[in-house]
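Asker: what follows is a predicted protein model with its sequence.
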Amino acid sequence: MRDSLSRPDIQKAVREIQETRTGFLTATVVDRQASWVSWEHRGEVYGIWSSVDFNHLTGFTRFSQDDRNYMVMLAVNNVDSTDPEVGAQYRIPERIADLEEDYVVFQGDPQNQEALEVIETLHELYAQQGQRLRNAYEKRMAQKAELQANPPAPQEPVIRLRRIIRTNAAGQKGGAQ
């Protein structure tokens, strides 16, 4: 057993798992222009405003960047700032709206590089692959709209019944008493 654990391919897989950075993020995209993103790191809550539409970062959970592996679980919802029930809660800061900065930390320690690593890497990924991510998102939305407009015909369920024959301790066939 010990020999199988020393195989180089298994050791490599274990190292990759150990070196994977994880992030569990929630993002509220406002008017498809900016995102409020929040997460928790070691008990401290972080929140940023980002110029990235985080809808475009959906559709995948794992990626690699600069020889590091990342796993991101992302929950995204969209709000309209003109909606009187939710719009007042989400006012995009001017420095984000004017694209002066990719993101600004509004909650949590802005100097904590470990807490910001996943966010920073997602922004780097978006800077490098933004058009590809936007295209993939638009394709998923087109497929979803097509399915909603033309849902597949419902299929009749197939129910298969099988007779169960029970035997008692004496080996005689019979049903429940």
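Answerer: Received the coordinates, thanks.

Asker: number of nearby residues for residue 12?
Answerer: When counting by other C-beta atoms under 10 Å, one arrives at 10 neighbours for residue 12. Where you see a C-beta, it was placed from the backbone N, CA and C, and this is true even at glycine.

Asker: can you check which strand is longest in this protein?
Answerer: strand 68-79 (DSSP state E).

Asker: give me the buried positions along that one.
Answerer: Applying a neighbour-count criterion of 16 or more other C-beta atoms under 10 Å, one finds 69-70, 72, 74, 76, 79 buried in strand 68-79.

Asker: equivalent analysis for stretch 123-132, please.
Answerer: 123, 125-126, 129.

Asker: secondary structure and distance to residue 103 added to those residues, as a markdown table?
Answerer: As requested, the buried residues of stretch 123-132 are arranged in a markdown table below (DSSP: H, G, I helix; E, B strand; the rest coil; distance: C-beta to C-beta, whole Å):
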| residue | secondary structure | distance to residue 103 |
| --- | --- | --- |
| 123 | helix | 6 |
| 125 | helix | 13 |
| 126 | helix | 10 |
| 129 | helix | 17 |
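
Asker: okay, those residues in a markdown table with pLDDT next?
Answerer: Below are the buried residues of stretch 123-132 laid out as a markdown table (pLDDT from 0 to 100):
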| residue | pLDDT |
| --- | --- |
| 123 | 95 |
| 125 | 94 |
| 126 | 94 |
| 129 | 94 |
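
Asker: quick check: the farthest pair among these?
Answerer: Greatest spacing in these, by C-beta to C-beta: 123 and 129 (11.2 Å).

Asker: roughly how far does residue 49 sit from residue 104?
Answerer: Counting by C-beta to C-beta, to the nearest Å, the gap from residue 49 to residue 104 is 5 Å.

Asker: more crowded one of those two?
Answerer: Neighbour totals were compared for residue 49 and residue 104, and residue 49 leads with 22 against 15 (other C-beta under 10 Å).

Asker: what about the residue nearest to that one when sequence neighbours are not counted, how many residues nearby?
Answerer: What sits nearest to residue 49 in space, not counting adjacent residues and going by C-beta to C-beta, 6 or more residues apart in numbering, is residue 96, at 4.7 Å. Burial of residue 96 is recorded as 22 neighbouring residues (other C-beta under 10 Å).

Asker: same question, the one 10 residues further on
Answerer: Residue 106 sits with 13 neighbouring residues when counted by other C-beta under 10 Å.
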